[in-house]
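**Q** Need the 3D shape of this:
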Amino acid sequence: MPVTRDGVVRQPEALPARGWGFLAPRLRGEGTAARRAWRGAYVRRLIAVDAVLAGIAGSVGYLVRFGSAEASTAHGPFALAVLLPVVWVLAMLVGRAYEQRFLWVGPEEFRRVFVSAMMLLAAVGTVSWAFRLDVARGFVVLALPLATVLSLGARYAQRQALHRARRVGRQMQTTILVGHRGGVRALDEQLDREAFHGYKVIGCCLPAGQQDERKDAFRGLPVLGDLSQVADVVKAFEVDTVALLPCPELDGPALRRLGWELEDTDAELLLAPAVTEIVGPRVRIRPVCGLPLLHMERPELKGVRRLTKEAFDRTSATLGLLFLSPLLLGVALAVAATSRGPVFFRQERVGRNGHTFSMLKFRSMVVDADRLVDDLADDSDGNAVLFKKKADPRVTRVGRVLRRYSIDELPQLINVVKGDMSLVGPRPPLRREVEKYGYDMHRRFLVKPGLTGLWQVSGRSDLSWDDSVRIDVRYVENWSLAFDFMILWKTVGAVLKGSGAY
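**A** Next up is the predicted model:
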């Protein structure tokens, strides 16, 4: 029988008490099918928007290529412009860009749109060459890329609207977590922190021997049953998703039986791997001796990819310094005119392989502010390792503005040009912080520290130390140029919001 945190035994039709009253009617009345009804509408809207945007792209390409004077005689290209919406949607269907498993989160949706567009362009070129068709190349070269850009932009806008709805509790799917207490607690915190993924945890199932240890362990998360009752809990609460964590009790045969039992329900089964923070191209499932084994490749931290990253970093930083030179000059004059001391602040930081370097910043505090850290350490607003203070008395008036929008960090472009730093990477730590690092955190020294990084776009100083470790390790383990571009894009929004910047 399901047991909640307060020890009260509840009937299956009752709602677990976690302060989520808005879920009560959905759990008891709507069911999984009703909660997922929005998905079909979302896909239909994608198809309609893609068709409209392809029509716009076709019209623009037709008018730009032929103009109003030739419009009446260009019947072939006009037919292409009319047919483009249908052809475009068919190309997206062939490329599986409308499959729900690729939507909502992650880059796969955008990758499929781009690949489908490239396949369509290649198909048009091949067919026109094979049958010697007189296809207006100017129209094709303009209309297809424009349709691609418009479709990608529209999908991004629709995804952001969905994420905003999920942050206020709409269009969610109910989820139960299955595993041991520590893993369940960590996954619950992760799903709660990233609510835009759409998983609303309503309870958990623990091994029978751990159900007595529930007080203050799960932040109010109800214990709905043991590991043998997962299927019963799913049916009783009409659960949408079961997230399963690795544990000895759920070995291969037990996991297979659970999958069979869930086939009679609408619930999705998610398996959390034992190796966390490893994603993307480093993980592949390959058949070995008739068994589907998970292969984990080594992180690519050397070779051509590293040289490419360094070339991109130094070139971009050089261009950034040239483009931002008027802003840098203006900030330097403001710092010099409003407070006594040098314009730049130099501080020793630890970089790749543990080597130290002198990091540059615009001075945003009073002179010798670093010597006052010990006096303020007892009143820190940071985490167990990082010292931060929201209302820091050492910060100057101009410095508050600079720190709010991270303008004080711009001189680190010079460090990037010199090769001490990268545009994207872990935060450059102080030596006294490194002395407190555990084994896992030393992974961050395999790459250069960054001007921005996952830490900056994920909460910055508001993060706990455990979250900071997890984020730095995730970056090192999964580095790629595409990952860097994504972080650079998100940095713009993080800087404008200014959350965690103090």
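**Q** Which strands or helices does the top helix by length along the chain pack on?
**A** With DSSP state H setting the assignment, residue counts place helix 37-70 as the longest helix in the chain. If you count contacts as 3 or more CB pairs under 8 Å, 6 or more residues apart in numbering; DSSP states H and E, helix 37-70 packs onto helix 75-94, helix 137-167. Yep, even glycine has a C-beta here, placed from its N, CA and C like the rest.
**Q** Now tabulate the ones you listed in a markdown table and tack on distance to P287.
**A** Converted to a markdown table, the helices and strands packed on helix 37-70 look like this (distance: least, CB to CB, whole Å):
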| stretch | distance to P287 |
| --- | --- |
| helix 75-94 | 27 |
| helix 137-167 | 34 |
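**Q** Just give me the lowest mean pLDDT stretch among the ones you listed.
**A** Per-stretch mean pLDDT for the helices and strands packed on helix 37-70 is lowest at helix 75-94 (a mean of 81).
**Q** Could I get the average pLDDT for the next helix or strand after it?
**A** Where DSSP states H and E defines the elements, the next helix or strand beyond helix 75-94 is helix 108-130. Across helix 108-130, the average pLDDT comes to 85.
**Q** Next, the buried residues of helix 108-130.
**A** 109-110, 112-114, 116-117, 120-121, 124 (16 or more other CB atoms under 10 Å).
**Q** Over to stretch 163-177?
**A** Within stretch 163-177, the residues that count as buried by 16+ other CB under 10 Å are 163, 166, 171-177.
**Q** just those residues now: which is nearest D408?
**A** H163 (30.1 Å; CB to CB).
**Q** Would you confirm that the closest one contacts F196?
**A** Yes: using CB atoms under 8 Å, H163 is in contact with F196, at 3.8 Å.
**Q** Outline the domain layout of this structure.
**A** The chain resolves into domains spanning 21-31+172-272, 37-167, 304-497 when parsed by automatic domain parsing.
**Q** For P292, find the nearest of those.
**A** Across these, P292 has its closest neighbour in domain 21-31+172-272 (11.4 Å, CB to CB).
**Q** so for that closest one, what's the average pLDDT?
**A** In this model, domain 21-31+172-272 carries a mean pLDDT of 78.
**Q** ok, how many other residues are close to D226?
**A** Close neighbours of D226, defined as other CB atoms under 10 Å, add up to 18.
**Q** How about the contacts made by it?
**A** D226 is in contact with 205-208, 211, counting by CB atoms under 8 Å, 6 or more residues apart in numbering.
**Q** how close does it get to R35?
**A** Distance from D226 to R35, counting by CB to CB, to the nearest Å: 26 Å.
**Q** Same list (the domains of the chain) but as a markdown table, adding distance to C289.
**A** Converted to a markdown table, the domains of the chain look like this (distance: least, CB to CB, whole Å):
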| stretch | distance to C289 |
| --- | --- |
| domain 21-31+172-272 | 15 |
| domain 37-167 | 28 |
| domain 304-497 | 27 |
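**Q** L293: which of these is closest?
**A** Going by CB to CB, the one of the domains of the chain nearest L293 is domain 21-31+172-272, 12.6 Å.
**Q** all helices for the stretch 351-500 of the chain, in order.
**A** For the stretch 351-500 of the chain, helices defined by DSSP state H, counting those that start in this stretch occupy the ranges 373-376, 397-404, 412-418, 431-434, 454-457, 465-477, 481-497.
**Q** just these: most buried one?
**A** helix 454-457 (a mean of 23; mean count of other CB atoms under 10 Å).
**Q** quick one: pLDDT of A337?
**A** For A337, pLDDT reads 88.
**Q** What number of neighbouring residues does it come out with?
**A** A337: 8 surrounding residues under other CB under 10 Å.
**Q** which SS state does it fall under?
**A** Following DSSP: H, G, I helix; E, B strand; the rest coil, A337 is assigned to helix.
**Q** can you tell me how far it sits from E249?
**A** A337 sits 67 Å away from E249, going by CB to CB.
**Q** The longest helix of the chain: which residues count as buried?
**A** By 16+ other CB under 10 Å, the buried positions in helix 37-70 come out as 42, 46, 49-51, 53-58, 60-62, 65-66.
**Q** again, but for stretch 137-144
**A** Buried residues in stretch 137-144, counted by 16+ other CB under 10 Å: 139-140, 142-144.
**Q** how distant is it from the center of its chain?
**A** Going by CA atoms, centre = their mean, to the nearest Å, the spacing between the C-alpha centre of stretch 137-144 and its chain's C-alpha centre is 33 Å.
**Q** Now it - C-alpha only, PDB.
**A** Extracted C-alpha coordinates of stretch 137-144, given in PDB (Å, rounded to 0.1, in the frame of the first residue of the first chain):
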ATOM      1  CA  ARG A 137      19.100  27.500 -59.600                       C
ATOM      2  CA  GLY A 138      18.800  31.000 -58.200                       C
ATOM      3  CA  PHE A 139      15.300  30.200 -56.900                       C
ATOM      4  CA  VAL A 140      16.300  26.900 -55.300                       C
ATOM      5  CA  VAL A 141      19.500  28.300 -53.700                       C
ATOM      6  CA  LEU A 142      17.500  31.200 -52.200                       C
ATOM      7  CA  ALA A 143      14.200  29.500 -51.300                       C
ATOM      8  CA  LEU A 144      15.500  26.300 -49.600                       C
END
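**Q** Quick check: the farthest pair among the contacts of D226?
**A** Farthest pair in the contacts of D226 (CB to CB) is C205 and A208. Separation: 10.1 Å.
**Q** more crowded one of those two?
**A** Legend: neighbour count by other CB under 10 Å for C205 and A208, higher for C205 (24 against 12).
**Q** List the residues that contact that one.
**A** Neighbouring residues of C205 by CB under 8 Å, 6+ apart: 176-178, 223-227, 229-230, 233.
**Q** does it count as helix, strand or coil?
**A** Recorded secondary structure, C205: strand (three-state DSSP).
**Q** With R35 as the reference, measure out to it.
**A** Relative to R35, C205 is positioned 20 Å away (CB to CB).
**Q** Equivalent analysis for A317, please.
**A** Using CB to CB, A317 is found at 48 Å from R35.
**Q** now R170
**A** Distance of R170 to R35, computed by CB to CB: 10 Å.
**Q** One more: S422?
**A** Distance of S422 to R35, given as CB to CB: 43 Å.
**Q** Please say which of those two ends up with more neighbours.
**A** The residue with more neighbours, out of S422 and R35, is S422; 26 against 20, by other CB under 10 Å.
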